[in-house]
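Peer 1: Take a look and give me a structure for this.
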Amino acid sequence: MLTKQIARTKELNFIKKIKTALFLFIFINFIFHSHAIYCNDFNFTQSNKEILTYYLSIADFAQSFIEIPTSNVSGDSSTISSMYLAGRSAIYNNDNKKVGTCSASFLCMQNEDGIYTDISNFISVDNGLIVSWFTPTALVNLELDTIINSMVTECMVEASTKIGVNPYYGQTFSLIVSSDDGKIYFEFTRTGTIF
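Peer 2: Now for the predicted structure:
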């Protein structure tokens with residue numbers, strides 16, 4: 001009788017161990033799969049990341065420019081000259097299709113150390129991507145092409161504005177702004193969690 005009870009207890013313990021091992025296997029499998037779906041995985045290669053590329057025409061952007069009057073506030077200001085410009089232009093995708101708008105304002109101030117510009121940039125794309133960022137830069141001169149090309153930068157941006165349906169809201173992107181052949185290019189690479 002005692003032998004049967006010991007055998008039965010061993011059998012129950014063995015079944016419990018099998019159930020526990022099976023549960024752990026399923027749980028660990030779930031954790032790994034959910035990590036790959038919802039997290040920024042170290043093995044998430046560049047080729048798998050979503051890249052969005054747009055461009056604008058420098059000529060179109062310059063044509064839209066407006067100038068906001070500026071003046072020195074104090075009589076003994078260190079600012080030699082200043083200029084405040086703003087422009088807006090359509091942006092296009094790789095298929096040369098209009099897909100949204102880019103606007104930027106450029107506050108240029110010159111003192112004895114040089115010309116400095118604070119740029120406030122904004123992009124709104126028809127697919128829901130809305131981002132803004134700031135670019136501080138130093139300029140060689142105040143020519144319009146020089147001012148527009150000062151948008152060139154690399155930064156991290158977050159889609160922090162939500163208007164209507166926006167699949168990119170809350171997403172983080174690495175942004176590279178470059179210029180070539182009369183165009184400004186915007187390359188967004190999603191780096192944050194993908195929903």
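Peer 1: got the residue ranges for the helices in this structure?
Peer 2: 2-38, 58-63, 144-149 (DSSP state H).
Peer 1: residues in contact with the lengthiest strand in the chain?
Peer 2: As assigned by DSSP state E, the longest strand anywhere in the chain is strand 98-111. Contacts to strand 98-111, defined as Cβ atoms under 8 Å, 6 or more residues apart in numbering, come from residues 54, 56, 61, 78-93, 115-127, 129, 139, 142, 147, 150-151, 184, 186. For the C-beta atoms, the positions are set from N, CA and C on the backbone; glycine is no exception.
Peer 1: In that strand, which residues are buried?
Peer 2: Within strand 98-111, the residues scored as buried using 16 or more other Cβ atoms under 10 Å are 99-100, 102-110.
Peer 1: strands paired with it, and their directions?
Peer 2: strand 81-92 (antiparallel), strand 114-125 (antiparallel) (DSSP bridges).
Peer 1: Reformat those as CSV; add distance to residue 66, mean neighbour count and mean pLDDT.
Peer 2: Shown next, in CSV, are these (distance: least, Cβ to Cβ, whole Å; neighbours: other Cβ atoms under 10 Å; pLDDT from 0 to 100):
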stretch, distance to residue 66, mean neighbour count, mean pLDDT
strand 81-92, 5, 17, 94
strand 114-125, 14, 18, 92
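Peer 1: Which one of those strands lies nearest to residue 170?
Peer 2: Residue 170 sits nearest to strand 114-125 of all those, at 15.7 Å, using Cβ to Cβ.
Peer 1: List the contacts of the closest one.
Peer 2: 52, 54, 91, 99-110, 129-142, 147, 150-151, 177, 186.
Peer 1: now do stretch 185-192
Peer 2: 40, 46, 49-56, 91, 102, 123, 129, 131, 156-158, 170-179.
Peer 1: burial measure for residue 176, as a count.
Peer 2: Using other Cβ atoms under 10 Å, the number of residues around residue 176 comes to 16.
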